[in-house]
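> got a structure for you, letters missing:
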């Protein structure tokens, strides 16, 4: 929580004096009219939602954006908490705050500061070794974009901090593991003509681990050329390079052929062969009930993709008509030399192991918008993903299939959102045939607009009352009722 309060202070400091950049070269404060002040105040957008429900649950979302002459920003906050939800020692809280700004320092120079802070704490049910798992994550980056025609430069530098703690059951020492990260990135793009462009991207990162694991260092680079072969076809290809402390030097490449300037259709074929550095924040930040390991190697990757998308819009004046249609289909084949597969420990924690993996994946998405009058309509959505794995051991916590179905209804002041997710069964350990069964999770949300910017909300999570687990030994909440309000300005 100390990091949380520190970053909030930094955000407030940025909000206090950074907007002054927007006044460089402008008239003095005394010369500004009341109309100007009023115009600036109208550039603020606020969206806040708060829900309260069973088990003293609180879900809140907050977002504020503002556009000034030479500066704009967005501040976001999300908070969730609950007491024990029908099982002992299952209380939790999850919080995220984020700040993104954009300052025009010169005609062709932009500065983009970004701050992200995440904290969470989860009770560990009947685990006899540990009572709670806690995680803190802080990410701070500054991006500079310099765009002297016909080139474009990007300079990105910053760092991150991650800490994972396991609080013991009863007396004992808190086990804390984490890292500090420093990274930087330089990007360059040059266009000789509308048909020929080149991009160079160089990135370096350093990890300082709090454990006995050796610190990690990596450097990646790629040089990609893009060639517009016809009015509708672009080919991109070029070499890639990666140096990693664990795997010395590796040369690879990537290439793609894609369509452009087509009104309703897009297609892409792509192939990549490179070395992916181990990035612990990508592996552990969203994992629950995990025992992190930081001595993992990078992974050689061969990946082929095929993407196909159709988008159609209809501006008919008919009272009831299909106003939009989107279809996306993709197929992927991937080979990883070192896939991070989760194992189950005797303490009912998951930890990563390494194995080679072949994966074939097919995915499809469908969205249709139906307009029924000026302020009414329906959006229907569906998705399906199928994965086929081939490895020397069982792949854990990865379902063979997953499906989604959504429906959003707007009837003037009334809104109804219905969301469903079907997840296939998953293995819990590479050396065991034990599985967590499939689950069907649904939610329904009802909103009523009382005033122009004021809504009443009601929500039911896990509407079907499914008993399910995302981690073996740790139950998820049952049916949950919440109610509250939303304000949009």
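Everything's here; your move. Worth saying up front: this structure is predicted, and the values here are computed from it rather than measured.
> all strands of the stretch 301-450 of the chain, in order?
320-344, 350-372, 376-391, 401-411, 414-423, 426-427, 435-436, 439-451 (DSSP state E, counting those that start in this stretch).
> Serialize these to CSV and add fields for distance to residue 203, mean pLDDT and mean neighbour count.
(C-beta placed from N, C-alpha, C; glycine too.) Listed next are the strands of the stretch 301-450 of the chain as CSV, based on distance: least, CB to CB, whole Å; pLDDT from 0 to 100; neighbours: other CB atoms under 10 Å:
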stretch, distance to residue 203, mean pLDDT, mean neighbour count
strand 320-344, 20, 96, 17
strand 350-372, 23, 96, 17
strand 376-391, 29, 96, 15
strand 401-411, 31, 96, 16
strand 414-423, 34, 96, 16
strand 426-427, 33, 96, 22
strand 435-436, 37, 94, 18
strand 439-451, 37, 95, 15
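> Looking at those strands, which is nearest to residue 84?
Shortest distance between residue 84 and the strands of the stretch 301-450 of the chain, using CB to CB, is found for strand 439-451: 20.1 Å.
> Please compute how far that closest one lies from its chain's middle.
22 Å (CA atoms, centre = their mean, to the nearest Å).
> Give me the contact list for it.
Under the criterion CB atoms under 8 Å, 6 or more residues apart in numbering, residues 413-423, 455-464, 466, 468, 486 lie in contact with strand 439-451.
> related to what we said a few turns ago, now distance to residue 100 too, for the strands of the stretch 301-450 of the chain, in CSV please.
Formatted as CSV, the strands of the stretch 301-450 of the chain follow (distance: least, CB to CB, whole Å):
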stretch, distance to residue 100
strand 320-344, 27
strand 350-372, 27
strand 376-391, 27
strand 401-411, 27
strand 414-423, 26
strand 426-427, 35
strand 435-436, 37
strand 439-451, 27
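> To residue 85, which of the ones you listed lies closest?
The nearest among the strands of the stretch 301-450 of the chain, by CB to CB, is strand 439-451 at 14.5 Å.
> Show me what secondary structure element comes after the closest one.
Next helix or strand after strand 439-451 toward the C-terminus (DSSP states H and E): strand 454-461.
> Mind giving me the packing neighbours of that following strand?
Contact partners of strand 454-461 among helices and strands, from 3 or more CB pairs under 8 Å, 6 or more residues apart in numbering; DSSP states H and E: strand 44-53, strand 439-451, strand 480-488.
> Off-centre distance for the helix or strand just after it?
Counting by DSSP H and E, the next helix or strand C-terminal to strand 454-461 is strand 469-471. Counting by CA atoms, centre = their mean, strand 469-471 is centred 20 Å from the centre of its parent chain.
> can you list contacts of strand 469-471?
With contact meaning CB under 8 Å, 6+ apart, strand 469-471 is reached by 288-289, 350, 397, 436, 475-476.
> switch to 6 Å and redo it
Contacts made with strand 469-471 from outside it, assessed by CB atoms under 6 Å, 6 or more residues apart in numbering, are listed as 288-289, 436, 475.
> Export those residues as TSV, with columns for distance to residue 307.
Shown next, in TSV, are those (distance: CB to CB, whole Å):
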residue	distance to residue 307
288	31
289	35
436	31
475	38
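> Reformat those residues as JSON lines; add secondary structure.
Below are these laid out as JSON lines (DSSP: H, G, I helix; E, B strand; the rest coil):
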{"residue": "288", "secondary structure": "coil"}
{"residue": "289", "secondary structure": "coil"}
{"residue": "436", "secondary structure": "strand"}
{"residue": "475", "secondary structure": "strand"}
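> Type out the ChimeraX command that picks the buried ones from these.
For the buried members of the contacts of strand 469-471, the matching ChimeraX selection, counting by 16 or more other CB atoms under 10 Å, is:
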select :289,436,475
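> Among the contacts of strand 469-471, find me the one that's closest to residue 161.
Of all these, residue 288 has the smallest distance to residue 161: 19.8 Å, by CB to CB.
> Nearest residue to the closest one in space, please, no chain neighbours.
Of all residues not flanking residue 288 in the chain, residue 471 sits nearest, at 5.7 Å (CB to CB, 6 or more residues apart in numbering).
> quick one on the thing from earlier: got JSON lines for the helices and strands packed on strand 454-461, with distance to residue 249 too?
Below are these laid out as JSON lines (distance: least, CB to CB, whole Å):
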{"stretch": "strand 44-53", "distance to residue 249": "48"}
{"stretch": "strand 439-451", "distance to residue 249": "45"}
{"stretch": "strand 480-488", "distance to residue 249": "52"}
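> Among those strands, which comes closest to residue 233?
Across the helices and strands packed on strand 454-461, residue 233 has its closest neighbour in strand 44-53 (39.9 Å, CB to CB).
> now the closest one against strand 454-461, angle please.
In terms of direction (axes from the mean of the first three to the mean of the last three CA atoms, to 10 degrees), strand 44-53 departs from strand 454-461 by 40 degrees.
> Parallel or antiparallel, which strands does strand 44-53 pair with?
In the sheet, strand 44-53 lines up against strand 57-67 (antiparallel), strand 480-488 (antiparallel) (DSSP bridges).
> Need the residues that contact the last one.
The one in question is strand 480-488. The contact list for strand 480-488 (CB under 6 Å, 6+ apart) reads 47-54, 453-461.
> Now do stretch 71-91: distance to the chain's middle.
Its chain's C-alpha centre and that of stretch 71-91 lie 16 Å apart, by CA atoms, centre = their mean.
> Just the buried positions in that stretch, please.
71-82, 85, 90-91.
> Straight-line length of that stretch, end to end?
41 Å (CA to CA, to the nearest Å).
> Need the mean per-residue confidence for it.
In this model, stretch 71-91 has an average pLDDT of 95.
> give the contact list for residue 127.
residue 348.
> Now do the SS call for it.
Once three-state DSSP is applied, residue 127 turns out coil.
> Look up the pLDDT of it for me, please.
93.
> can you check residue 274 too?
For residue 274, the model assigns a pLDDT of 94.
> isn't it right up against residue 252?
Yes. Using CB atoms under 6 Å, residue 274 makes contact with residue 252 at a distance of 3.9 Å.
> joint contacts of these two?
The contact lists of residue 274 and residue 252 share residue 240, where a contact means CB under 6 Å, 6+ apart.
> Between the two, tell me which one has more neighbours.
Set residue 274 next to residue 252 and count neighbours by other CB atoms under 10 Å: residue 274 wins out with 21 against 16.
> who does residue 53 bridge with?
Here residue 53 sits in beta bridges with residue 57, residue 482, as judged by DSSP bridges.
> From residue 461, how far out is it?
As for residue 53, its distance to residue 461 is 8 Å (criterion: CB to CB, to the nearest Å).
> more neighbours, those two?
In this view residue 53 and residue 461 are compared by other CB under 10 Å, and residue 461 has more residues nearby, 22 against 18.
> Show me where the stretch 101-250 of the chain has its strands.
Using DSSP E, counting those that start in this stretch, strands in the stretch 101-250 of the chain cover 109-123, 130-146, 151-168, 175-191, 196-209, 216-228, 233-244, 248-259.
> would you turn these into JSON lines with distance to residue 357?
Shown next, in JSON lines, are the strands of the stretch 101-250 of the chain (distance: least, CB to CB, whole Å):
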{"stretch": "strand 109-123", "distance to residue 357": "28"}
{"stretch": "strand 130-146", "distance to residue 357": "26"}
{"stretch": "strand 151-168", "distance to residue 357": "25"}
{"stretch": "strand 175-191", "distance to residue 357": "25"}
{"stretch": "strand 196-209", "distance to residue 357": "24"}
{"stretch": "strand 216-228", "distance to residue 357": "21"}
{"stretch": "strand 233-244", "distance to residue 357": "19"}
{"stretch": "strand 248-259", "distance to residue 357": "18"}
